[in-house]
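K.L.:
have a look; sequence and predicted model below, questions after that.
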2 protein chains.
Amino acid sequence: MPPCRARYRGDGWAGGRPGRIRRFIEPAVLLLLHQGPAHGYGLAEGLQALGLGDYPVDVSAIYRALYHLEALGMVTSRVEAEGSAGPPRRIYALTEAGDAYLRAWIEDLRATERLLRQFLEAYDAHTRSHNEPDGSPTRFSEGDAR
Amino acid sequence: MPPCRARYRGDGWAGGRPGRIRRFIEPAVLLLLHQGPAHGYGLAEGLQALGLGDYPVDVSAIYRALYHLEALGMVTSRVEAEGSAGPPRRIYALTEAGDAYLRAWIEDLRATERLLRQFLEAYDAHTRSHNEPDGSPTRFSEGDAR
DNA sequence: ATAGACTATTTGTTAACTGCAAATAGATAA
DNA sequence: TTATCTATTTGCAGTTAACAAATAGTCTAT
């Protein structure tokens, strides 16, 4: 038996469908707060409008992002004085540090967007040149032990 | 003491610098293999060329991605018959399933790229309209307990 | 030879992100 | 009272990746 090369932990999306690139929640929350104070539940709806509609985000992730950002000093919160049709809301607002942090995130996302474009362009360029009429050019061939 | 709202696990990048959006390794490996069979160490160099140069990727992640893809039947491997300046290389190649999987990834990444553009556009639009002359419009103000 | 440098693969550990499920709780309507 | 809606909180488990280090083959210089 070969040394059983280290398993990936878990086995992925057994269904075969890739998941989206992650880590959008934090910058999305920051962007929404950049547009004005809000509470967790409201942010969940705001995410839809931001284009995240196809990728529903669990509210627990939003609250955890908020707690994290507050611990880092990127947002502050205060309990809303009445007015909710439920338990008291906690309203979050960006701090100046949070504003700077969002700007850093934006720069990072711009770089990511460029990378993504470059990546997709590389794929398109390669498939254009090999517009495979039939055969599959990257597979191993019969005596391919070179 | 309030019910100590659930901590984020860990404490983030204490330094304050955001990390990049993740999950690039698998599609990057697939794309490189789409261009022809390769071994793990070689893929590590290929990633630089793909634009990942700014974000160095640990080789262990590459190998684990390969093991995972092989378990899923997306790639096949064979040990190279001699020719290495080191231990025998294991050469990986895309299968047809892997080809389809890459196409699915590409579609997913196109959607992500659109989302990212939309996101950045929303930020730019909002900062353009509020090109804050001085004050910070999203902060809490003095008697802001509404 | 043997020590060091380089190529190449493998493994362990841990942190971090997220989804799913469910508990909790106030307000309001049937 | 029960149900429903709004809203927050927590537990848990699965997935991804960085960091560190072990292993091992080949080649060059001493």
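P.N.:
Arrived safely.
K.L.:
which residues in chain A form strands?
P.N.:
Assigned by DSSP state E, chain A shows strands spanning A:38-39, A:75-79, A:90-94.
K.L.:
now those strands as TSV including mean pLDDT?
P.N.:
What follows is the strands of chain A, written out as TSV (pLDDT from 0 to 100):
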stretch	mean pLDDT
strand A:38-39	96
strand A:75-79	96
strand A:90-94	97
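K.L.:
let me have those strands in JSON lines, adding mean neighbour count and distance to A:Leu30 as columns.
P.N.:
Backbone N, C-alpha and C define where each C-beta goes, glycine included. JSON lines is the format used below for those (neighbours: other C-beta atoms under 10 Å in any protein chain shown; distance: least, C-beta to C-beta, whole Å):
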{"stretch": "strand A:38-39", "mean neighbour count": "19", "distance to A:Leu30": "11"}
{"stretch": "strand A:75-79", "mean neighbour count": "17", "distance to A:Leu30": "8"}
{"stretch": "strand A:90-94", "mean neighbour count": "22", "distance to A:Leu30": "7"}
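K.L.:
between those strands, which one is nearest to DNA strand D?
P.N.:
Closest to DNA strand D of the strands of chain A, according to C-beta to the nearest atom of the strand: strand A:38-39, at 3.5 Å.
K.L.:
check whether that closest one contacts DNA strand D.
P.N.:
Yes - remark: strand A:38-39 sits within contact range of DNA strand D at A:His39, by C-beta under 7 Å from any atom of the strand.
K.L.:
pull up the pairing partners for that strand, direction included.
P.N.:
Its sheet considered, strand A:38-39 pairs with strand A:90-94 (antiparallel) by DSSP bridges.
K.L.:
quick one on the thing from earlier: export the strands of chain A as a markdown table, with columns for distance to B:Leu69.
P.N.:
Output for the strands of chain A, formatted as a markdown table (distance: least, C-beta to C-beta, whole Å):
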| stretch | distance to B:Leu69 |
| --- | --- |
| strand A:38-39 | 41 |
| strand A:75-79 | 39 |
| strand A:90-94 | 41 |
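K.L.:
ok, stretch A:66-86 near chain B or not?
P.N.:
Yes - with C-beta under 8 Å from any C-beta of the partner chain as the criterion, chain B is reached by stretch A:66-86 at A:Tyr67, A:His68, A:Ala71, A:Leu72, A:Thr76, A:Arg78, A:Glu80, A:Ala81, A:Gly83.
K.L.:
and those residues, which two are furthest apart?
P.N.:
A:Leu72 and A:Gly83 (28.2 Å; C-beta to C-beta).
K.L.:
show me which of these two is the more surrounded one.
P.N.:
Neighbour tally, A:Leu72 and A:Gly83, criterion other C-beta atoms under 10 Å in any protein chain shown: the higher count belongs to A:Leu72, 18 against 8.
K.L.:
so how many other residues sit close to A:Phe45?
P.N.:
If you look again at residue A:45, you'll see it is Glu, not Phe. As a burial measure, A:Glu45 scores 10 neighbours (other C-beta under 10 Å).
K.L.:
who are the contact partners of the most centrally placed residue in chain A?
P.N.:
Centrality entry for chain A: nearest residue to the mean C-alpha point is A:Phe24, 2.7 Å, by C-alpha atoms, centre = their mean. Shown in contact with A:Phe24 (C-beta atoms under 8 Å, 6 or more residues apart in numbering or on different chains): A:Leu52, A:Tyr55, A:Val57, B:Ile21, B:Leu115, B:Phe119.
K.L.:
ok, 10 Å please
P.N.:
Contacts of A:Phe24 were listed using C-beta atoms under 10 Å, 6 or more residues apart in numbering or on different chains, and they are A:47, A:50-52, A:55, A:57, A:61, A:109, B:21, B:112, B:115-116, B:119.
K.L.:
quick check, nearest of the residues of stretch A:66-86 next to chain B to DNA strand C?
P.N.:
Checking the residues of stretch A:66-86 next to chain B one by one against DNA strand C (C-beta to the nearest atom of the strand), the nearest turns out to be A:His68, at 6.7 Å.
K.L.:
alright, calling it a day.
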